[in-house]
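>>> only the shape, not the letters, is given here:
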C-alpha cells in the first residue's frame, strides 16, 4: 500500500506524523504541504514532509509519488493547482478527505470536500469536537510521538509542581475557537504568587524538544472553555503529565471511538466556573497522588495512543471497502 498525504499547511504536524508512522509499520507513505507556518514556527513542523512549492523539481517529485500511490489522503483543503495535478497523475482507487476544522468557523465555512474537484471515496474527521459538524465522517485520532525515546517514566516532581500552559492563539468569537481564559489566568497567577506552582511556557521548537520539555513538567493545561480537547492533551498524556481540560461527554466518546477503547482518558476536568478551586486542589495534591495520576497518563498513552497502534488503525481504515 502506498499513501500520499496532501495539505495546504503542516496542520500541527498531523499529516507528517501520520505518514512517518505509517512507514514505521510497513506502509509506504509521504506527505506534501504547500505552505509552511510563518515566524517562529517555520520549519518546526515539517521535518518529515516535502514542500510542494510549484518549482519544476517539486512538481516532478510529487508527480512521481502520485503516479505510484494507491491512496491520496487530503487534509482539510488543497489548492486548485494541486487538485489539477492529482487528477492528471493519480490512477489509484481511493481519495480520502480529512476534515480538521469545524464546518462553520474559520478557516472553513463550508464542507470544502464539496468544492474541491476530487472524487472522494471516504471521509475522515479529527476525533475532537469536529464530529459534531461532520456526523457521517469517521473519527480519526491525531498521532503524537511517544516520550519513550527520551525518558520512559514521568519526570520526578520538585518542591512545587510545574505547569505548562500556553494557549495556541487568542482568537475570540466562534463557539469552538477560544482557548485562553482570563479566569484561569488569574488562578494560575495566584498559585505562582503563593509559590504553590511554577508556570512554564513551552518554547517554539521542534516536536522532540517540545515533548522532552513537557516531560520535565507535571501538569499540562489544554483549554477549559469549549468542551473539547486538543492535540496538546494527547501530548500531555505522552509526556506523563496530568492533563487538564474540560472535554465533554461527546468529545471523550469520539476519542474512545477513534482508538477503539471503552476506557475514559485520565483527564483532570476543570471549567471556568470552578478553575480556582480545582487548580488549588491540583497544586496541593500529595506527591504520591501526583505520581500515580501521572503514571495513569503514561499508561493510557502506551495502551491506546502509541503511534504504531494508531498508524495500524489508520491502515485498517484505508483497507476497508
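On my side now, so go ahead. Just so you know, these numbers come straight off a predicted model, no measurement behind them.
>>> looking at this protein, which helix or strand does the model trust least?
helix 207-215 (a mean of 85; mean pLDDT, DSSP states H and E).
>>> contacting residues around the one residue sitting closest to the centre of the chain?
Geometric centre of the chain, nearest residue: residue 231, 3.2 Å, by C-alpha atoms, centre = their mean. By C-beta atoms under 8 Å, 6 or more residues apart in numbering, residue 231 lies in contact with 12, 14, 142, 144. (Each C-beta comes from the backbone N, C-alpha and C, glycine too.)
>>> now residue 225
Listed by C-beta under 8 Å, 6+ apart, the contact partners of residue 225 are 178-179, 181, 246, 272.
>>> and residue 273, how many neighbours?
By other C-beta atoms under 10 Å, 11 other residues sit near residue 273.
>>> separation between it and residue 179?
Using C-beta to C-beta, to the nearest Å, residue 273 is found at 17 Å from residue 179.
>>> next one: residue 240
23 Å.
>>> who has more neighbours, those two?
residue 240 (28 against 20).
>>> so that one touches residue 297, yeah?
Yes - shown here, residue 240 and residue 297 form a contact pair, counting by C-beta atoms under 8 Å, at 5.5 Å.
>>> can you give me the buried ones in stretch 298-317?
298, 300-302, 304-307, 309-315 (16 or more other C-beta atoms under 10 Å).
>>> distance of the residue nearest to the centre of the chain from residue 5?
Distance, residue 231 to residue 5, using C-beta to C-beta: 16 Å.
>>> again with residue 207
To residue 5, residue 207 is 17 Å away according to C-beta to C-beta.
>>> over to residue 57?
Using C-beta to C-beta, residue 57 is found at 19 Å from residue 5.
>>> the two: who's more crowded?
residue 5 (27 against 8).
>>> phi first, then psi, for that one.
Dihedral angles of residue 5 (phi, psi; degrees, to the nearest 10) stand at phi -90, psi 140.
>>> please apply the same query to residue 269.
Per degrees, to the nearest 10, the backbone of residue 269 is at phi -80, psi 140.
>>> kindly report the same for residue 137.
Torsion angles, degrees, to the nearest 10, at residue 137: phi -90, psi 160.
>>> next, count neighbours for it.
Residues within reach of residue 137, counting by other C-beta under 10 Å, total 20.
>>> for it, which non-adjacent residue is closest in space?
Counting by C-beta to C-beta, 6 or more residues apart in numbering, residue 125 is the residue found nearest to residue 137 once chain neighbours are left out, at 3.9 Å.
>>> so that neighbour lies in a strand, does it not?
Yes - when DSSP: H, G, I helix; E, B strand; the rest coil is applied, residue 125 is found to be in a strand.
>>> correct me, but it touches residue 97?
No - the pair residue 125 and residue 97 fails to qualify as a contact (C-beta under 8 Å) at a distance of 9.1 Å.
>>> residue 217 and residue 295, how far apart?
The spacing between residue 217 and residue 295, counted by C-beta to C-beta, is 15 Å.
>>> same question, residue 122
37 Å.
>>> neighbour count winner among these two?
Neighbours were counted for residue 122 and for residue 295 using other C-beta under 10 Å; residue 122 has more, 17 against 14.
>>> ok, the nearest residue to that one once chain neighbours are set aside to residue 85 distance?
Take residue 122 and drop its neighbours on the chain: the residue closest to it by C-beta to C-beta, 6+ apart is residue 96, 4.7 Å away. Distance of residue 96 to residue 85, given as C-beta to C-beta: 17 Å.
>>> repeat that for residue 216.
Here the criterion is C-beta to C-beta. By it, residue 216 lies 44 Å from residue 85.
>>> go on, residue 240?
Distance from residue 240 to residue 85, counting by C-beta to C-beta: 43 Å.
>>> one more: residue 189?
51 Å.
>>> quick one: which of these two has more around it?
Higher neighbour count among residue 189 and residue 85: residue 85, with 20 against 11, using other C-beta under 10 Å.
>>> so who does the more buried one touch?
If you count contacts by C-beta under 8 Å, 6+ apart, residue 85 has them with 59, 62-63, 66.
>>> mind doing that once more with 10 Å?
Counting by C-beta atoms under 10 Å, 6 or more residues apart in numbering, residue 85 touches 6, 32, 52, 54, 59, 62-63, 66, 78-79.
>>> from the residues you listed, which shows the smallest pLDDT?
Lowest pLDDT within the contacts of residue 85 is found at residue 54 (88).
>>> what is the burial count for that one?
By other C-beta under 10 Å, 13 other residues sit near residue 54.
>>> hmm, it is touching residue 79, no?
Yes - counting by C-beta atoms under 10 Å, residue 54 touches residue 79, with 9.3 Å between them.
>>> so what sits against both of those two?
Shared contacts of residue 54 and residue 79, defined by C-beta under 10 Å, 6+ apart, comprise 34, 85.
>>> what about residue 119, which helix or strand?
Assigned by DSSP states H and E, residue 119 belongs to no helix or strand.
>>> now it, nearest residue through space, not along the chain?
According to C-beta to C-beta, 6+ apart, the nearest residue to residue 119 is residue 95 (6.1 Å).
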